[in-house]
Structures are given as structure tokens and as C-alpha cells.
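1. can't give you the sequence, but here's the structure:
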């Protein structure tokens, strides 16, 4: 059964048990929202994710707000956002209070170095899943690769990439509609 508490619980659980930020949270979000609870279809989740990425702010918070709104309008957005933000806020608060005493501890430094590869894997998995869902294949792979290279090597602002993608998508849709 769906309640505001279930929205809060799901996003609090995601926020509490995921390291590495918004992209690392995507596999758990997809599992909870699409597979387990069936709040959104996989296609709807991809649409929410696309909108969350282009909206200003934190990815995980944007996804929480959009999913909450789709499930229960303003109240759903509020409870999902609180659930997504509260664990991070409390963890950062605890780190701020206690970490300065242990920041040079070799064991703590090794733990952080050990977590890095896991975070990279957690980010890579949803990228490949979403690429499959968005129907990115070898013929269309040049688009994200070109965008990444322009940002990384060409030092082109991501804003220009997004604007160009919006104009290209609009042009493609108009052209396809006219056929």
C-alpha cells in the first residue's frame, strides 16, 4: 500500500545505504521504484532521470521530488525530498563533528581509498543500463562520446552541450513528424 511514509522510507533508505552521490544511488532507486514497488515503469523512470539531470540541483533530490510528485503531488514531493535529504544531512553532521579528530588516521585513509573503486562501479552500472533503455547502441554512441570529449578535452561548457542536444532533439522530432 502506498503512503507518504513509504515515500519517505524508500528515499531515506536509499540515502542511508548508498555511497558516492546521485549516480551511485541510481541502481538502488531503480530497484526500489521500478522493480520492487512498481511506482514507475522503466521508461517513466528514464524520463524522470532525464528531467532530474537537466534540472538544477542535486540529482538524487531531483529524482525524489519528481517521483514523489508523480505518486502524490506536492505532499509526495515533500516527503520524498525529506527522506532523500535527511540521512545525508545527519551523516555529514556526524562527520563534521567527529572527522577532524580522525582525518589523518591511516586506517580511515585506507577505507576511503578502498571505497573509490566501488563507487565507480556503482556509477558505471546505471550508465550502461540507462544507455540500453535509451536505445544507445553502436550507431548512436558517437553522441555521448562526442559530448564527453567536448566537455573534457574541448573545455566546452555542458550548458552549450545541453542546449545543442535540445535543439537537435527538437529538429529531429520536427523532421520525423513531417515525414
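-> Noted; the coordinates are in hand. As the structure is a computational prediction, the values presented were derived from the model and not from experiment. Numbering: from 1, shown residues only.

2. Quick one: name whatever helix or strand follows the lowest-mean-pLDDT helix or strand in the chain.
-> The least trusted helix or strand in the chain, going by mean pLDDT, DSSP states H and E, turns out to be helix 106-133, with a mean of 81. Using DSSP states H and E, the helix or strand that follows helix 106-133 in sequence is helix 142-152.

3. Residues contacting that following helix, please?
-> Defining contact as CB atoms under 8 Å, 6 or more residues apart in numbering, one finds that helix 142-152 is touched by 131, 136, 156, 157, 158, 161, 165. Every residue, glycine included, has its C-beta placed from N, CA and C.

4. out of these, who's nearest residue 177?
-> Nearest to residue 177 among the contacts of helix 142-152, counting by CB to CB, is residue 165 at 18.4 Å.

5. Would you check how far apart the closest residue to the closest one other than its chain neighbours and residue 57 are?
-> Once flanking residues are discounted, residue 165 sits nearest to residue 147: 7.4 Å by CB to CB, 6 or more residues apart in numbering. Per CB to CB, to the nearest Å, residue 147 is found 21 Å from residue 57.

6. Looking at those two, which is more packed in?
-> Remark: of residue 147 and residue 57, residue 147 carries more neighbours, 16 against 10, as counted by other CB atoms under 10 Å.

7. ok, the more buried one to residue 59 distance?
-> Where residue 59 is concerned, residue 147 sits at a distance of 17 Å (CB to CB).

8. same check, this time on residue 10
-> To residue 59, residue 10 is 16 Å away according to CB to CB.

9. Give me the more crowded residue out of the two.
-> Using other CB under 10 Å as the criterion, residue 10 and residue 59 rank with residue 10 on top: 24 against 18.

10. The closest residue to residue 127 other than its chain neighbours: what's it in contact with?
-> With sequence-adjacent residues excluded and distances taken as CB to CB, 6+ apart, residue 127 is closest to residue 23, at 7.4 Å. Neighbour list for residue 23: 59, 122, 123, 126, 127 [criterion: CB under 8 Å, 6+ apart].
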